[in-house]
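A.B. asks: got a predicted model here, sequence first, then my questions.
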Amino acid sequence: DGGITQSPKYLFRKEGQNVTLSCEQNLNHDAMYWYRQDPGQGLRLIYYSQIVNDFQKGDIAEGYSVSREKKESFPLTVTSAQKNPTAFYLCASSAPGLVGYNEQFFGPGTRLTVL
Amino acid sequence: SQQGEEDPQALSIQEGENATMNCSYKTSINNLQWYRQNSGRGLVHLILIRSNEREKHSGRLRVTLDTSKKSSSLLITASRAADTASYFCATAITSGTYKYIFGTGTRLKVLA
């Protein structure tokens, strides 16, 4: 099955700890994205990557870090510098089309709770 | 914030009725997309309309785009209880990067 997977589904973190959220896709998409969603809110872009070994900050990158060493993988680390990390995190991927961008494919999400 | 706005924020209708939700955005776009999100799940792509298109249909969905007003609407006809979800618009901006800006969402509840 082609798709995008995220793990774990639920994650609990103590204050002061770094945690890493996994995102893997087998769609052969060049672009990958991380979004944060707070209750009842829309999606806010954390980081995105259009190609391996390159990534760009989104609107709320502070306290987060990413890497893109492989096309299939785009892990997100939530560092202790992120003041309010409790949220639902969504990973997505997309491929550029012949005219503009194509749709995004989303993973099932990881719900992070800071204890 | 570059985030788009959607209205209404919440909508409750009876099964069989039509549901209309609107999206406004701020920047020049390449295309506009609508997504559905069931509670606690990832988003699912519904339909994409390009900046040079004015209307598009897909099954029970009808999307319009008015680039002069920077707005779009999504119409779901003959709604079903299974349509209960949050709906988001997302704009693919023309900055040269593959970046999407999401609206705040409309929570739709279809009553059986």
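C.D. replies: Nice, I can see it.
A.B. asks: which parts of chain A are strands?
C.D. replies: For chain A, the strands defined by DSSP state E occupy A:4-7, A:10-13, A:19-25, A:31-37, A:43-51, A:54-57, A:64-66, A:76-78, A:87-94, A:105-106, A:110-114.
A.B. asks: oh, I was asking about chain B
C.D. replies: Going by DSSP E, chain B shows strands at B:5-7, B:10-14, B:19-24, B:29-37, B:43-50, B:55-58, B:61-66, B:71-76, B:85-93, B:100-102, B:106-111.
A.B. asks: list of residues touching the second one?
C.D. replies: Looking back up the chat, that one is strand B:10-14. B:19, B:21, B:79, B:106-111 (Cβ atoms under 8 Å, 6 or more residues apart in numbering or on different chains). C-beta coordinates here come from the backbone N, C-alpha and C atoms, glycine included.
A.B. asks: ok, and of the residues you listed, which contact chain A?
C.D. replies: B:R107 (Cβ under 8 Å from any Cβ of the partner chain).
A.B. asks: between the contacts of strand B:10-14, which sits nearest A:P85?
C.D. replies: B:R107 (24.4 Å; Cβ to Cβ).
A.B. asks: returning to what we had before: mind putting the strands of chain A in JSON lines, mean pLDDT and mean neighbour count included?
C.D. replies: As requested, these are exported to JSON lines (pLDDT from 0 to 100; neighbours: other Cβ atoms under 10 Å in any protein chain shown):
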{"stretch": "strand A:4-7", "mean pLDDT": "96", "mean neighbour count": "18"}
{"stretch": "strand A:10-13", "mean pLDDT": "93", "mean neighbour count": "14"}
{"stretch": "strand A:19-25", "mean pLDDT": "97", "mean neighbour count": "19"}
{"stretch": "strand A:31-37", "mean pLDDT": "96", "mean neighbour count": "25"}
{"stretch": "strand A:43-51", "mean pLDDT": "93", "mean neighbour count": "21"}
{"stretch": "strand A:54-57", "mean pLDDT": "94", "mean neighbour count": "14"}
{"stretch": "strand A:64-66", "mean pLDDT": "97", "mean neighbour count": "20"}
{"stretch": "strand A:76-78", "mean pLDDT": "97", "mean neighbour count": "21"}
{"stretch": "strand A:87-94", "mean pLDDT": "96", "mean neighbour count": "24"}
{"stretch": "strand A:105-106", "mean pLDDT": "95", "mean neighbour count": "22"}
{"stretch": "strand A:110-114", "mean pLDDT": "95", "mean neighbour count": "18"}
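A.B. asks: quick one: terminal-to-terminal distance for stretch A:94-110?
C.D. replies: Using Cα to Cα, to the nearest Å, the span of stretch A:94-110 from its first residue to its last is 19 Å.
A.B. asks: chain center to it, what's the gap?
C.D. replies: In terms of Cα atoms, centre = their mean, to the nearest Å, the centre of stretch A:94-110 is set 13 Å apart from its chain centre.
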